[in-house]
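> model the following, please.
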Amino acid sequence: MIPSYKLKELLSTQFEVELLEASIYNLKDKSNKLRLNNFAYSLRELSRHFLYSLSPEAQVKNCDWYKPETDDNKPTRNQRIKYAIQGGINDIILDEWGFEVEELNETITQIKKTIENLSKYTHINPEVFNLADVEIDISAEETLKTFEKFVEVINDCRIRLKEFLDGHIEQHMMESAVSNFFENIDHLAPHFSINYSEVNDYHISEINSLEIVVELSGILHVTLEYGSSKERREGDGLDLEESFPFVTKIKYEISEEFPSNKFEIDDYDVDTSSWYE
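Here you go, the predicted structure:
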């Protein structure tokens, strides 16, 4: 049994990929009567690592929707799944934005049940011990598909929410894109002026407990100014029209309004390497 490349691409870290491969390897040891149980246990642990990597405890607890539900004040599995999908955006805000909250909460419940299904063969009882090879192949395929569904559904929900938010952000992001400081350009000329910028691509890269982070890239069109205004008027100075690619992030505070009027723009990383070439 070989895990699909698609599944490997959905995992978050190299450790998770290696754990998946090691889980599959358990099935090859036909002398081990626990090979199916070990495989299922490893996949269940992989599901835990995958979910925890998307939902750090401190971030979950920092969400305004978080309420302790256990004696040890640890986030529950449902709360971790909720954070992995929607970060710190609470259901009331999602509903006001027009997102299908009821459908999302049903999906969270389904994901939880999918994880629970991975435990089917981890409890060693006579009916799941030392099964015949044919039964093991069928059960292993079912378990792997269960895990794949778990990973896919979480990722699909994250993508769906980000695409939904993308549709509400374009105009504000375009207007905000030029209001920043361009340190790299300062090194090219004594003075410069920004003519205009073009945003070529943008996407929501992160939704954490407090912010919605948008990464954007584009082209910045500038005039590099050499010499004083008088020197340039008299022909002794020089104005050069140049264009440089840039990348930056806009971090919007999570609030009832989106895009929020409370946001920060990182200093632009303007790629001026072409100038030196």
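
> ok, which stretches of the stretch 101-250 of the chain are strands?
191-207, 211-226, 238-253 (DSSP state E, counting those that start in this stretch).

> most packed of the ones you listed?
Counting by mean count of other CB atoms under 10 Å, strand 211-226 has the highest mean neighbour count of these, with a mean of 19. Quick note: C-beta positions are derived from backbone N, CA and C, even for glycine.

> give me the helices and strands touching it, please.
helix 183-186, strand 191-207, strand 238-253 (3 or more CB pairs under 8 Å, 6 or more residues apart in numbering; DSSP states H and E).

> neighbouring strands - and their directions - for it?
strand 191-207 (antiparallel), strand 238-253 (antiparallel) (DSSP bridges).

> now these in CSV, with distance to Tyr121 and mean pLDDT?
Shown next, in CSV, are those (distance: least, CB to CB, whole Å; pLDDT from 0 to 100):
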stretch, distance to Tyr121, mean pLDDT
strand 191-207, 34, 84
strand 238-253, 44, 88
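
> and those strands as CSV, adding distance to Asn78?
As requested, those are arranged in CSV below (distance: least, CB to CB, whole Å):
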stretch, distance to Asn78
strand 191-207, 18
strand 238-253, 25
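
> let me know the secondary structure of Cys63.
Of the three states, Cys63 takes coil under DSSP: H, G, I helix; E, B strand; the rest coil.

> over to Phe258?
Phe258 ends up coil, using three-state DSSP.

> thought it was touching Gly167?
No: in this structure, Phe258 is not within contact of Gly167 by CB atoms under 8 Å, at 10.7 Å.

> Val151 contacts Ser12, correct?
No: with contact defined as CB under 8 Å, Val151 does not reach Ser12; the gap is 9.4 Å.

> spit out the contact partners of Thr122.
Going by CB atoms under 8 Å, 6 or more residues apart in numbering, Thr122 touches Asn37, Ala40, Tyr41, Arg44.

> tell me which element the second one falls in.
Secondary structure here is read from DSSP states H and E; on that basis Ala40 sits in helix 35-54.

> in that helix, which residues are buried?
Buried residues in helix 35-54, counted by 16 or more other CB atoms under 10 Å: 35-44, 46-47, 50-51, 54.
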